[in-house]
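Chemist: Requesting a structural model of the entry that follows:
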Amino acid sequence: MKKYMMMAMAVLAMASCSEKKFHVEGTIANAKDSVLYLENVGIEEINVVDSVKLDGEGNFNFACAQNDAPEFYRLRIADQIINVSIDSTETVTIKTKYPQMATQYEVSGSENCEKIKELALKQIDLQQRVMAIQRNPALTIDQSNDSILRIINDYKNDVKMNYILKEPNRSYAYFALFQTLGNMLLFNPRSNKDDIKVFAAVATSWDTYHPGAERGTNLHNIAIEGMKNMRINEADRANTIDASKVSTTGLIDIALTDNHGKVCRLSDLKGKVVMLDFHVFGTENSPKRILLLRELYNKYHAQGFEIYQVALDPDEHFWKQQTAALPWISVRDPQGLDSQSLIVYNVQGLPEYFLIDRTNTLRKRSQQVRDIEAEIKALL
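Modeler: Predicted structure coming up:
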């Protein structure tokens, strides 16, 4: 009996040794006693695969079973993240130091990971340039929006031609599809026909090189859903932001249903000073921000100040509960973060607000406001 047990154990040991694995290894300096996590970035959630407490030298070595298709992982210490992709039993080596590990790292052993690093740094640079434009008080709303849209379009064209369509079967092409600016996808197949084509190109390529892969199927579903949504969005756009609703001041109207079931138009508030506020009540900082808005409203409403707040919460019942006692106009966009209003007002992060004068003219966005009360008083 012992003989058979020993043989069985030997077979299991041989099977374990022969299991194909990939390795993510390297060194993170200045991170003694920090916990380094290796996390799988799945389609719907992020899960911890392994972790290690770093010693004074900062060396680490993760070994995991090979996947059937390319997969994405990330190394994380606190909020510092390095994204990697794995498509074989390769060994990816990372050398960096904490706390600059997210931007100042060296990667070897994987061309995909090298390209992902390039994309991550490009994305950070884009975010910084957009923020610089938004904070420039010398620019008008139109000038700011035009500049931001121009650099976003240039960025998308660069990434599309040099990363996505160049080798659509590669992991870094898939990674590029899901880059964001603030809370918004740069390539959004729910609102852009050209972006649908880009998603479809990668999906088709993945079908060829990685048949049956869950991520390839997901891309197909996104592209198909995007085509359906585009038809709906085009109809909505015709009803809510067509040319007849753009005044000579350039204000694009918003017409949404408030928490009492009434359709409220932003343009109907002409004659008042308006704060157009984009908000998500389901966020941690929402209660504090609502208190600040209440103070402004109580101080200046009698003088002609109004708040037109667009909620982007997915749960309508929750939104109605949160806004039941609010004194200002609270509407909800059922498209949520895919709202056309976010696109036409070039909202890059939430919460966000704009100040509109009594003639329905956009005056400033939040980044251009240093003293909110002084700005409101000046417009009143």
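Chemist: Which positions in the helix or strand that contains residue 142 come out as buried?
Modeler: Assigned by DSSP states H and E, residue 142 belongs to helix 141-159. Buried residues in helix 141-159, counted by 16 or more other C-beta atoms under 10 Å: 141, 144-145, 147-148, 152, 155-156, 159. Where you see a C-beta, it was placed from the backbone N, CA and C, and this is true even at glycine.
Chemist: And for stretch 98-111?
Modeler: Of the residues in stretch 98-111, 98, 101-102, 105, 107, 109-110 count as buried by neighbour count, 16+ other C-beta under 10 Å.
Chemist: same question for that stretch, mean pLDDT?
Modeler: Across stretch 98-111, pLDDT averages out at 95.
Chemist: Pull that stretch out as PDB, backbone CA atoms only.
Modeler: The C-alpha coordinates for stretch 98-111 follow below in PDB (Å, rounded to 0.1, in the frame of the first residue of the first chain):
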ATOM      1  CA  TYR A  98       8.700  53.400  -4.300                       C
ATOM      2  CA  PRO A  99       6.700  55.600  -4.200                       C
ATOM      3  CA  GLN A 100       7.300  56.500  -7.900                       C
ATOM      4  CA  MET A 101       6.800  53.000  -9.100                       C
ATOM      5  CA  ALA A 102       3.800  53.700 -11.300                       C
ATOM      6  CA  THR A 103       5.700  56.100 -13.600                       C
ATOM      7  CA  GLN A 104       9.400  55.400 -13.100                       C
ATOM      8  CA  TYR A 105       9.900  51.700 -13.800                       C
ATOM      9  CA  GLU A 106      11.800  49.500 -16.200                       C
ATOM     10  CA  VAL A 107      10.200  46.500 -17.700                       C
ATOM     11  CA  SER A 108      11.800  43.700 -19.700                       C
ATOM     12  CA  GLY A 109      10.800  40.200 -21.000                       C
ATOM     13  CA  SER A 110       7.600  41.300 -22.700                       C
ATOM     14  CA  GLU A 111       7.100  43.700 -25.700                       C
END
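Chemist: Other residues contacting that stretch?
Modeler: Stretch 98-111 is contacted from outside by 28-31, 34, 58, 75, 77-78, 80-82, 84-86, 90-97, 113-114, 117, 120-121, 124, using C-beta atoms under 8 Å, 6 or more residues apart in numbering.
Chemist: From the residues you listed, list the buried ones, please.
Modeler: 28, 31, 34, 58, 75, 77, 80, 82, 84-86, 90-96, 113, 117, 120.
Chemist: Using CSV, list the CA coordinates for the helix holding residue 142.
Modeler: Output in CSV follows, covering the C-alpha atoms of helix 141-159 (Å, rounded to 0.1, in the frame of the first residue of the first chain):
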residue,chain,number,x,y,z
ILE,A,141,-15.3,77.9,-21.9
ASP,A,142,-15.4,77.6,-25.7
GLN,A,143,-11.6,78.0,-26.0
SER,A,144,-11.0,75.5,-23.2
ASN,A,145,-13.3,72.9,-24.7
ASP,A,146,-11.9,73.4,-28.2
SER,A,147,-8.4,72.9,-26.9
ILE,A,148,-9.2,69.8,-24.9
LEU,A,149,-11.2,68.2,-27.7
ARG,A,150,-8.3,68.9,-30.1
ILE,A,151,-5.7,67.2,-27.9
ILE,A,152,-8.0,64.3,-27.1
ASN,A,153,-8.6,63.7,-30.8
ASP,A,154,-4.9,63.9,-31.5
TYR,A,155,-4.2,61.4,-28.7
LYS,A,156,-6.8,59.0,-30.0
ASN,A,157,-5.5,59.1,-33.5
ASP,A,158,-2.0,58.5,-32.3
VAL,A,159,-3.1,55.5,-30.1
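Chemist: Who are the packing partners of that helix?
Modeler: Secondary-structure packing of helix 141-159 (3 or more C-beta pairs under 8 Å, 6 or more residues apart in numbering; DSSP states H and E): helix 111-134, strand 362-365.
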